[in-house]
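Trainee: sequence first, then the predicted structure:
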Amino acid sequence: MRRFPRILPPFAKALVTALAAALFLAACASSPDSERVDSDARKAAQLNTQLGREYMTRGQYEIALEKLKKAVASDKSYAPAHTMLAVLYETIGENDNARKHFEAALKAAPDNGDVNNNYGAFLCRVDGGRGADRYFEAALKDPFYRTPAVAMANAGSCALKRGDMDKAETYLRQSLAYNPDFPDALLSLAGLHYGQGDYLRARAFLQRYETSGQMSAESLLLGYRVETRLNNAAEAGKYRSELIRKFPGAPETAEVQGISPG
C-alpha cells in the first residue's frame, strides 16, 4: 500500500507551477480559432493532466495518480503528462517510476528546454548529478526555452553537490547573466563562497538574495553561519531567532536550537 506525503516538496511545487503554464499554452493551442486541431486523444491527455495537476496541488495524490495514468494512456507522446506523473512518483518515493516517465517525456520532446532541465534536475536529486550537465546544456539550445537562468542555477547547484566548485561558480554566474536577481543562483553562490571561507562575499550574495524578498530556512541558517564567522553576534542572533520563529520544525532550526546566540 502506497504512503502519500501530505504536501508537495519544493522541487515538485516549482515543477507543477511551470507545468501549469505549459498546460495553459497547450489549451490555447487547441482553441477553436487555432489552425491546429488536436486529436481526441491529445485533448483527453491535456484534460487529465490538468486534473492531475489540480489534485496534486490539493494533496489528493491517489486521485492525481489515476488521472495522470489516464493522461499518458490517452497519448503516450504528450510530454507534460509524463513529466507531471514523474513528479508525482518522485513525490511519493517511487524513483524508478519517476525516472521512467521523465525519460518518456524526453523521448516525446527531446529538444524541449523544460523537459531537459527537469530531467537534469531529477538526475541531480537522485543520482548525485551524474550525467546531468548535458541536459541542462541541452535546455539552453532550445530557442523557445523561457527560463535559462533556472537551468544554469540547477546545473550550478548540481556541481556544488558533486564538489566541483569551479564548474559550480561558472554555471551560477551564467545564471545571473541571464537574470541578475535570480534567487536560487544568489543563494547558491552565497553558500559556495561560505564553503570557500570567503565570508564577506558570501554575505554580499546573501544580501542580494534577501533584497529579492526571499527567505528560507536554508538562507537563514546560512546567514547565521556567515555572521558567526564574521564575529557579528548581534546579526547572527537575529538570523537564529528568525529561523526558530519562521521555521520551527525545519532541520536547519534543529541545528541552531540550544546554541546561544551570543
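Mentor: Structure received. Because the structure is a prediction, the values reported are computed rather than measured. Numbering: from 1, shown residues only.
Trainee: ranges for the helices of the stretch 101-250 of the chain?
Mentor: 113-127, 133-140, 148-162, 165-178, 183-195, 199-211, 217-229, 233-246 (DSSP state H, counting those that start in this stretch).
Trainee: may I see the buried residues of the last one?
Mentor: For helix 233-246, a neighbour-count test (16 or more other Cβ atoms under 10 Å) marks Glu235, Ala236, Gly237, Lys238, Tyr239, Arg240, Glu242, Leu243, Ile244 as buried. C-beta here means a position set from N, CA and C on the backbone, and glycine is covered the same way.
Trainee: farthest pair in those?
Mentor: Spanning the widest gap among the buried residues of helix 233-246 are Glu235 and Ile244, at 15.3 Å by Cβ to Cβ.
Trainee: residues in contact with Gly156?
Mentor: Taking Cβ atoms under 8 Å, 6 or more residues apart in numbering, we find Gly156 in contact with Lys167, Ala168, Glu169, Thr170, Tyr171, Leu172, Gln174, Ser175, Ala185, Ser188, Leu189.
Trainee: which among those residues end up buried?
Mentor: Buried among these by 16+ other Cβ under 10 Å: Lys167, Ala168, Glu169, Tyr171, Leu172, Gln174, Ser175, Ala185, Ser188, Leu189.
Trainee: and of those residues, the nearest to Ala41?
Mentor: Ser175 (37.8 Å).
Trainee: give the contact list for Lys238.
Mentor: Applying Cβ under 8 Å, 6+ apart, no residues qualify as near Lys238.
Trainee: when you give positions from now on, start the count at 32
Mentor: With the count now opening at 32, the last piece we talked about shows up as Lys269.
Trainee: thought Tyr150 was touching Ala135?
Mentor: No - taking contacts as Cβ atoms under 8 Å, Tyr150 lies outside contact range of Ala135: 10.3 Å.
Trainee: with neighbour numbers in mind, choose between the two.
Mentor: Tyr150 (24 against 20; other Cβ atoms under 10 Å).
Trainee: contact partners of stretch 165-179?
Mentor: With Cβ under 8 Å, 6+ apart, stretch 165-179 has contacts from 49, 137, 142-145, 147-148, 150-151, 154, 182-183, 185-186, 189, 202, 206, 209.
Trainee: tell me the buried residues within these.
Mentor: Here, 16+ other Cβ under 10 Å leaves 49, 137, 143-145, 147-148, 150-151, 154, 182-183, 185-186, 189, 202, 206, 209 buried among these.
Trainee: next one: the closest residue to Asp142 other than its chain neighbours from Asp145, what distance?
Mentor: Excluding its sequence neighbours, the residue lying closest to Asp142 (Cβ to Cβ, 6 or more residues apart in numbering) is Asp173, at 5.8 Å. Per Cβ to Cβ, to the nearest Å, Asp173 is found 8 Å from Asp145.
Trainee: next one: Ala285
Mentor: From Ala285 to Asp145 the distance is 35 Å (Cβ to Cβ).
Trainee: ok, Lys131 next?
Mentor: 18 Å.
Trainee: which one of the helices of the stretch 132-281 of the chain lies closest to Lys98?
Mentor: helix 144-158 (19.4 Å).
Trainee: orientation of the closest one relative to helix 164-171 in degrees?
Mentor: Per axes from the mean of the first three to the mean of the last three Cα atoms, to 10 degrees, the angle that helix 144-158 makes with helix 164-171 is 160 degrees.
Trainee: name the helices or strands packed onto helix 144-158?
Mentor: Contacts defined by 3 or more Cβ pairs under 8 Å, 6 or more residues apart in numbering; DSSP states H and E place helix 144-158 against helix 41-60, helix 110-122, helix 126-139, helix 164-171, helix 179-193.
Trainee: alright, that wraps it up for me.
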